[in-house]
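Novice: one predicted model, sequence on top.
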There are 2 protein chains.
Amino acid sequence: MKNDLLLRALDGKLVERPPVWMMRQAGRYLPQYMKLRERYSFFERCATPELACEITLQPVDIIGVDAAILFSDILVVPQAMGLEVQLIESKGPFLPNPIKSYADLKRVSVPDVHEKLGYVEEAIQLIKKELNNRVPLIGFAGAPWTILCYMVQGKGSKTFDEAKSFCFTQSQTAHQLLQMITDTTIAYLNAQVIAGADVIQIFDSWGGLLAPADFEAFSLPYIQQIVTAIKGKAPVIVFAKGAWYVLDKMAVTGAKALGIDWCIRPQTARKMAGDGITLQGNFDPAKLLLPIPQIQKEVKLMLAEFGTERYIANLGHGILPNIPVDHARAFVDTVKEWNPRNR
Amino acid sequence: MKNDLLLRALDGKLVERPPVWMMRQAGRYLPQYMKLRERYSFFERCATPELACEITLQPVDIIGVDAAILFSDILVVPQAMGLEVQLIESKGPFLPNPIKSYADLKRVSVPDVHEKLGYVEEAIQLIKKELNNRVPLIGFAGAPWTILCYMVQGKGSKTFDEAKSFCFTQSQTAHQLLQMITDTTIAYLNAQVIAGADVIQIFDSWGGLLAPADFEAFSLPYIQQIVTAIKGKAPVIVFAKGAWYVLDKMAVTGAKALGIDWCIRPQTARKMAGDGITLQGNFDPAKLLLPIPQIQKEVKLMLAEFGTERYIANLGHGILPNIPVDHARAFVDTVKEWNPRNR
């Protein structure tokens, strides 16, 4: 690997500067992506290896990030399990036949991932070839709780109250569904690693909606199963947005890194997670709308607070579609030019 | 005051059990409210003192809460400042001409609150008469940052990125607007107290979207001004949803209580806020969908964790529209029957 900063940072090894990438770096803020978006639907882009490869490589070539992340969506998993998923641009995901009861479990199954998600394996093989070891490739999946949110609620939500009440009032059924999602996800991530993914990130986008005890009941045990299954094969990053209150518990799952958002101070996160794990984050994506000199200033502040060791520079959530490309590049360049000695 | 539990809890005095009320307790889960909702628009209900009074009293009569909270909306403030606010049922607020620049400030002003919001004063006078000192009446307003969110973004949002970027890139204009909102809010809350409000709650619904340093720049100083102006006249409760990371700072504003949501453990909140302030919260509103025996069990767990002193039982956010009335009553009754000695 020519640029192995990310792998070294995940391993807790010394780095000359922190690696940097951005969540949703292959996305709508890039004009090159928007061109493909005009011509192909979301699932065409995901399911066509050549398109997924082209999109995955765009931020590596255009922005110069230290890692590529597979272009795909967490909702390919419920789709592979047998649930219809529509992704309506600008409206978000829609699952017309959500899971509401034990009887509905009959409509989903743990699939043969090679059969249902073989296009992802092909995309990864193609990406790895095209990347030619320039930077590592991150594969990913949603955490089972977040996937359940969509499978039960049927669409995006501020509170995912239907998903929660499903877990609270039909908890046995919920745990059965979570286990099916987990089994699918483990098989899927194993296939990603075999196809060439160097690192795996688990996104628990809605983890932070759960009270601490509920996170420990409905999310953490399934994240734990996934980390346990994958960690010997590839380093795992867990990002449970908003779930700062379980950083201590997540730090002992065997994950190599924890993602954090901008609503926790780096020092607090470090104290909670301990010194034995890498932290990833946590620039407020809205701050990329600042003028470039102010972005540089704010990024340097962030770097000074996290320090260079066991740290991956990133945003605290996905990059917003209205960010100028120059601003995204300024974020990345500021990290790349960082020298802790003469800051 | 026949039932002064809330006032005593705010004052840190001994209580036989914690007082209990629910955010949005006068709202859509009540069939009696839904009947009025069919006949009158949202702002008719807010601006007609007889209707606001009737709605405010419903949960006192039907559920038996220990406090009434004025039926109104935080967006009457931008409306009074001169901005058009539409409240489209089931779609949320819409401000067709949001503030985007310094020039737009000309379109808003600090109004004479008696002239523009006299209907709230009248409603409070009527409510106080009808309550006849059964329970205290809570008046309220939005925190300036949350009001700015709507004034700039023009509608609800998951990220309020336009409001944030307004603050970040036009910070002088943002501070001018925040000061105008603050001046209006102080005059408005003073009028509420003079009209008879016994307690004031400040809702910073979107405080938790800000990084700690940004909360300290764009929200806290204005909350501080409001608390300073009101605290000698009525006890103030500050609820900044999601902003757990500034509980320590908010605890020294002079507020008598801090609201917290369910994503922070009671012990953590107590440790951060210190022993000198009352805590209010933090039942996950989605848990009111549980069967009643489980609600009782979960409420008792919450009460055991918070303890009886310096504590107000509440939800961690507004009650959901789909909660059965019996479940809301079970929440309240469990607190009312709480006896720490034989739990």
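Specialist: Sure, I can see it.

Novice: now check stretch A:141-157, is it near chain B?
Specialist: No - Stretch A:141-157 does not reach chain B (Cβ under 8 Å from any Cβ of the partner chain); its nearest approach is 8.6 Å. Just so you know, the C-beta spots here come from the backbone N, C-alpha and C atoms, and that holds for glycine as well.

Novice: quick one: end-to-end length of that stretch, please.
Specialist: End-to-end distance of stretch A:141-157 (Cα to Cα, to the nearest Å): 20 Å.

Novice: buried set for it?
Specialist: Neighbour-count burial for stretch A:141-157 flags A:141-155, A:157 (criterion: 16 or more other Cβ atoms under 10 Å in any protein chain shown).

Novice: how far off centre is that stretch?
Specialist: Relative to the centre of its chain, stretch A:141-157 is centred 14 Å away, using Cα atoms, centre = their mean, to the nearest Å.

Novice: give me the mean pLDDT for it.
Specialist: Averaging pLDDT along stretch A:141-157 gives 97.

Novice: same deal with stretch A:284-293?
Specialist: For stretch A:284-293, mean pLDDT is 96.

Novice: is it positioned near chain B?
Specialist: Yes - residues of stretch A:284-293 are located near chain B by Cβ under 8 Å from any Cβ, namely A:284, A:285, A:286, A:287, A:289, A:290, A:291.

Novice: just the buried residues of those residues.
Specialist: With burial judged by 16+ other Cβ under 10 Å, the buried subset of these is A:284, A:285, A:286, A:287, A:289, A:290.

Novice: and those, which two are the farthest apart?
Specialist: Maximum pairwise distance among those (Cβ to Cβ): 11.3 Å, between A:285 and A:290.

Novice: mind listing the shared neighbours of these two?
Specialist: Listed contacts common to residue A:285 and residue A:290 are nil; contacts here mean Cβ atoms under 8 Å, 6 or more residues apart in numbering or on different chains.

Novice: residue A:275: neighbour count?
Specialist: 10 (other Cβ atoms under 10 Å in any protein chain shown).

Novice: got it, and residue A:9?
Specialist: Using other Cβ under 10 Å, residue A:9 has 28 other residues around it.

Novice: please save the CA atoms from the helix or strand harbouring it in PDB.
Specialist: Using DSSP states H and E, residue A:9 maps to helix A:5-10. Extracted C-alpha coordinates of helix A:5-10, given in PDB (Å, rounded to 0.1, in the frame of the first residue of the first chain):
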ATOM      1  CA  LEU A   5      -1.700   6.100   6.900                       C
ATOM      2  CA  LEU A   6      -5.200   4.900   7.600                       C
ATOM      3  CA  LEU A   7      -4.100   1.300   8.300                       C
ATOM      4  CA  ARG A   8      -1.300   2.500  10.600                       C
ATOM      5  CA  ALA A   9      -3.600   4.900  12.500                       C
ATOM      6  CA  LEU A  10      -6.100   2.000  13.000                       C
END
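
Novice: how close does residue A:168 get to residue B:294?
Specialist: From residue A:168 across to residue B:294, the span is 8 Å (Cβ to Cβ, to the nearest Å).

Novice: and the worst-scoring helix or strand of chain A on mean pLDDT, what other elements does it pack with?
Specialist: The weakest-scoring helix or strand in chain A, judged by mean pLDDT, DSSP states H and E, is strand A:86-88 (a mean of 88). Secondary-structure packing of strand A:86-88 (3 or more Cβ pairs under 8 Å, 6 or more residues apart in numbering or on different chains; DSSP states H and E): strand A:92-94.
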